[in-house]
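In: Sequence and predicted structure are below.
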Number of protein chains: 2
Amino acid sequence: MTNKPQNPMEMALALAEEAARNGEVPVGAVVVHEGEIIATAANQMKALGDPTAHAEMVAMRKALEVVGSGRLAACDLYVTLEPCTMCAGAIAHAKIRRVYYGAEDAKGGAVDNGVRFFNQPTCHHKPEVISGLMESKSAKLLQSFFLDRR
Amino acid sequence: MTNKPQNPMEMALALAEEAARNGEVPVGAVVVHEGEIIATAANQMKALGDPTAHAEMVAMRKALEVVGSGRLAACDLYVTLEPCTMCAGAIAHAKIRRVYYGAEDAKGGAVDNGVRFFNQPTCHHKPEVISGLMESKSAKLLQSFFLDRR
């Protein structure tokens, strides 16, 4: 990582930058439990050959191993990009308390875009959502990644 | 498994029965590639302490390892229960060709219920869906599981 992360979203951004250097879509995620970072991940779809290996999924699975209770009810998730439909579903299953995300994703997001899953009657757990945290840095990272690949 | 499975959905049902015996919500999933079963899984949420370890997720990840191309575009998924929002998102990411499912899930399903993800503009891959395959057997298994637990 390039900078010493000061807070969870800075850490998530550093992970996203690392992902970009590895040729992965630059998204990073961090799980915090009682003020402590207990799990981190960058996107690993390319490295694992697994299109479900989104940063949030990987970070939540790691956090579940740490917590050991089968749920993340006392945990907050920081992720640089608005979670997709799969990840929103997983966040609800894991009962994440609060989701902080950076950039909105009009094409693939499922929190404030798309299916807006947390507002649907079939969503059995609705986390608190705080959006726009370090939004422009996260968005710029994604934009320059996709521009470079053209 | 109790019976010799004759076809993928019978195999999925046998996995669901096995899940029930292990105290897991009885859902089973099978991935087929060119007529061959390449991955199978039962729900493992309880065993793994991971609420995202749905049968479909686990089976698809196994299949991705087998196929090695990062997508399951030539694969069909057989699952005994209508996939949830998380799994529907994962199915779209993995580009599964065809989804066969057993029982509908009015409360948690996301294919023909809930967010109907495959019909949404933010869904970037819409598999063919065949529902109701061995529906009553799958539904009865789930019903008796939840009745037993009351």
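Out: Looks like it came in fine. This one's a predicted model, so the numbers in the text were calculated from it and none came from an experiment.
In: Okay, helices next: where are they in chain A?
Out: With helices called from DSSP state H, chain A shows them at A:8-21, A:45-48, A:55-67, A:85-94, A:135-149.
In: Need the residue closest to the centroid of chain A.
Out: Centroid-nearest residue in chain A, with Cα atoms, centre = their mean: A:Val79, separated by 3.1 Å.
In: doesn't A:Ile96 make contact with that one?
Out: No - if you go by Cβ atoms under 8 Å, A:Val79 and A:Ile96 don't touch, sitting 10.3 Å apart. C-beta coordinates here come from the backbone N, C-alpha and C atoms, glycine included.
In: for the helices of chain A, which one sits closest to chain B?
Out: Among these, helix A:85-94 comes nearest to chain B, with 2.8 Å by Cβ to the nearest Cβ.
In: which helices and strands does that closest one pack with?
Out: Packing partners of helix A:85-94 (3 or more Cβ pairs under 8 Å, 6 or more residues apart in numbering or on different chains; DSSP states H and E): helix A:55-67, strand A:75-81, helix B:85-94.
In: what's near enough to touch A:Arg71?
Out: Counting by Cβ atoms under 8 Å, 6 or more residues apart in numbering or on different chains, A:Arg71 touches A:Leu64, A:Ala94, A:Lys95, B:Pro51.
In: Mind doing that once more with 6 Å?
Out: Applying Cβ atoms under 6 Å, 6 or more residues apart in numbering or on different chains, we find A:Arg71 in contact with A:Lys95.
In: cool, and A:Ala139?
Out: The contact partners of A:Ala139, taken as Cβ under 6 Å, 6+ apart, are A:Ala103.
In: Please list the residues of chain A that sit near chain B.
Out: Within chain A, the residues that sit near chain B (Cβ under 6 Å from any Cβ of the partner chain) are A:49-52, A:64, A:70, A:84-86, A:89-90, A:93-94, A:108, A:114-115, A:117, A:120, A:122.
In: Just name the most buried of the helices of chain A.
Out: Burial of the helices of chain A is given as mean neighbour count (mean count of other Cβ atoms under 10 Å in any protein chain shown); helix A:85-94 ranks first at a mean of 28.
In: still on that earlier bit, want to throw the helices of chain A into CSV with mean pLDDT?
Out: Formatted as CSV, those follow (pLDDT from 0 to 100):
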stretch, mean pLDDT
helix A:8-21, 97
helix A:45-48, 96
helix A:55-67, 98
helix A:85-94, 98
helix A:135-149, 94
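In: wait, which of those is closest to B:Leu15?
Out: helix A:85-94 (19.8 Å; Cβ to Cβ).
In: Skip the chain neighbours and tell me the closest residue to A:Lys46.
Out: Of all residues not flanking A:Lys46 in the chain, A:Glu24 sits nearest, at 5.2 Å (Cβ to Cβ, 6 or more residues apart in numbering or on different chains).
In: list the contacts for the residue nearest to the centre of chain A?
Out: A:Ala29, A:Glu56, A:Tyr101.
In: Now it. Nearest residue, chain neighbours left out?
Out: Nearest to A:Val79 is A:Ala29, by Cβ to Cβ, 6+ apart, at 4.2 Å.
In: any idea how far that neighbour is from chain B?
Out: Per Cβ to the nearest Cβ, to the nearest Å, A:Ala29 is found 14 Å from chain B.
In: Looks like that residue contacts A:Ala41 (just checking).
Out: Yes - A:Ala29 lies in contact with A:Ala41 (Cβ atoms under 6 Å); the separation is 5.4 Å.
In: Need the overlap of contacts for the two.
Out: Contacts common to A:Ala29 and A:Ala41, judged by Cβ under 6 Å, 6+ apart, are A:Ala55, A:Ala59.
In: Neighbour count for the two, which is higher?
Out: A:Ala29 (31 against 25; other Cβ atoms under 10 Å in any protein chain shown).
In: show me the residues around the more buried one that make contact.
Out: A:Ala12, A:Ala41, A:Ala55, A:Glu56, A:Ala59, A:Val79.
In: pLDDT wise, what is it at?
Out: Here, the pLDDT recorded for A:Ala29 equals 98.
In: Likewise for A:Arg150?
Out: pLDDT at A:Arg150 comes out at 75.
In: I'd like to know how far it sits from chain B.
Out: 19 Å.
In: Same check on A:Ile96?
Out: Relative to chain B, A:Ile96 is positioned 10 Å away (Cβ to the nearest Cβ).
In: Was I right to think that residue contacts A:Leu72?
Out: Yes - in this structure, A:Ile96 is within contact of A:Leu72 by Cβ under 6 Å, at 5.1 Å.
In: re the thing from before, can you pull up the bridge partners for the residue nearest to the centre of chain A?
Out: Counting by DSSP bridges, A:Val79 is bridged to A:Ala29, A:Tyr101.
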